[in-house]
Structures are given as structure tokens and as C-alpha cells.
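A.B. asks: Model the following, please.
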Amino acid sequence: GRFLAATLSDAYGLRVYDRALGWAEIARNENYGDDTYGAAFASDGRLATTSLDGKIRIYRAGDFQLESVIEAGGRPYGIVFDPDGRRMAVGFADAPRVALYDAATLEPMAIPDLTGVDKGGLSQVAFDAAGRLYAGGHYYQGGLSPILRWNNDGTGRMDLPGGNTTVMSLIP
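C.D. replies: Numbering: from 1, shown residues only. Prediction:
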């Protein structure tokens, strides 16, 4: 709860604020090529952001200097770390796609089962306390927008009934 990250539109990137310093801005990065929608803190203090420019950016804990850039392709949107801090999930605005990464090495992991999911987008992602992954967005099936859920290993997909409009956020 010490830091606040704000992602901005119009390629203005990221701002980080520190509560201990009276909410002073302590870091910024305006080197983004498009709108920035997702931000998530890892359990080790690192910060990750997504941008419609196709990149996932990882910032060091503490000083929030850019540490790594992942060329994700497409338009990465939502981002979240699992409760154990071992995995990072990214949802995409332009495709029914969810990417998983090893949070320590940033190497891609097995893609969750997306059999039959062939249009729309899965922009929102979340992990529950047990480490199960959820995704939703503007993917429609039978006139509804289901919420997809997978076991910890990305198998055993379950489609939860959704509404008849876009899933805008997932908070377990």
C-alpha cells in the first residue's frame, strides 16, 4: 500500500507515487507508443505494465526503473501476478488470447486451453487465492460474454455464465 501506479492514455505512459513521501511522484516513463491500460505489482515489489503498443514493461522494485521489455505482440491490456508471485498473466484487447509468463524469468509458459474461443478479446485477467486463472472481455458465446476459468496448470477450463455485454473488470 505504499506505492500507487497510474497508467495513462495518449502514450503518456506511467507515473508512480509514494505515500511515504506525501504522494510525491517518484518515477515516470513516457516512452510508450500507445495507450497504457494495465498495471500490477508483484509480491517482490516489481511493477509490470501493458500497453497497446504491444509491449509489457517490467520495472524494478523500489526505484521503478525500467528493467525488462517483453514484445508480447497484439494489444496487451490486463495484467496480474498470481498470489504466490510465480506467474504473470496478460489479457489481450484484440484477440481471444491469454499469455502466461514465469514471473521470475519472464519466459513464456504454457498457454491456457482456449479451445473454441476464436473471436473477440480477453482483456481482463485475474487469479483467485488458490491460483486459478480467470479471463473475460468482449468474447461472446451464445449471446453472452462468459468468464473463463482454468486450474493452476492452465487445463480444466470452465466457462462461467456472464452477462450480455463486455466483462470490464475481474476482482477475486
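
A.B. asks: helices and strands around the helix or strand where A27 lies, which ones?
C.D. replies: In the assignment (DSSP states H and E), A27 maps to strand 24-29. Under the contact definition 3 or more Cβ pairs under 8 Å, 6 or more residues apart in numbering; DSSP states H and E, strand 24-29 sits against strand 13-18, strand 55-59. C-beta: built from backbone N, CA, C; applies to glycine.

A.B. asks: Let's have those strands in a markdown table, adding mean pLDDT, distance to V90 and mean neighbour count.
C.D. replies: Putting the helices and strands packed on strand 24-29 into a markdown table (pLDDT from 0 to 100; distance: least, Cβ to Cβ, whole Å; neighbours: other Cβ atoms under 10 Å) gives the following:
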| stretch | mean pLDDT | distance to V90 | mean neighbour count |
| --- | --- | --- | --- |
| strand 13-18 | 97 | 16 | 19 |
| strand 55-59 | 97 | 6 | 21 |
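
A.B. asks: now the ones you listed as JSON lines including distance to N152?
C.D. replies: What follows is the helices and strands packed on strand 24-29, written out as JSON lines (distance: least, Cβ to Cβ, whole Å):
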{"stretch": "strand 13-18", "distance to N152": "30"}
{"stretch": "strand 55-59", "distance to N152": "21"}
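
A.B. asks: list the helices and strands the following helix or strand past the strand holding A27 packs on?
C.D. replies: On the C-terminal side of strand 24-29, the closest following helix or strand by DSSP H and E is strand 36-41. Contacts defined by 3+ Cβ pairs under 8 Å, 6+ apart place strand 36-41 against strand 3-8, strand 13-18, strand 47-51, strand 76-81, strand 87-92.

A.B. asks: burial measure for the closest residue to R86 other than its chain neighbours, as a count.
C.D. replies: Ranked by Cβ to Cβ, 6 or more residues apart in numbering and with sequence neighbours excluded, the top spatial neighbour of R86 is A103, at 5.6 Å. Neighbours of A103 under the rule other Cβ atoms under 10 Å: 22.

A.B. asks: A103 reaches A42, doesn't it?
C.D. replies: Yes: taking contacts as Cβ atoms under 8 Å, A103 lies within contact range of A42: 5.9 Å.
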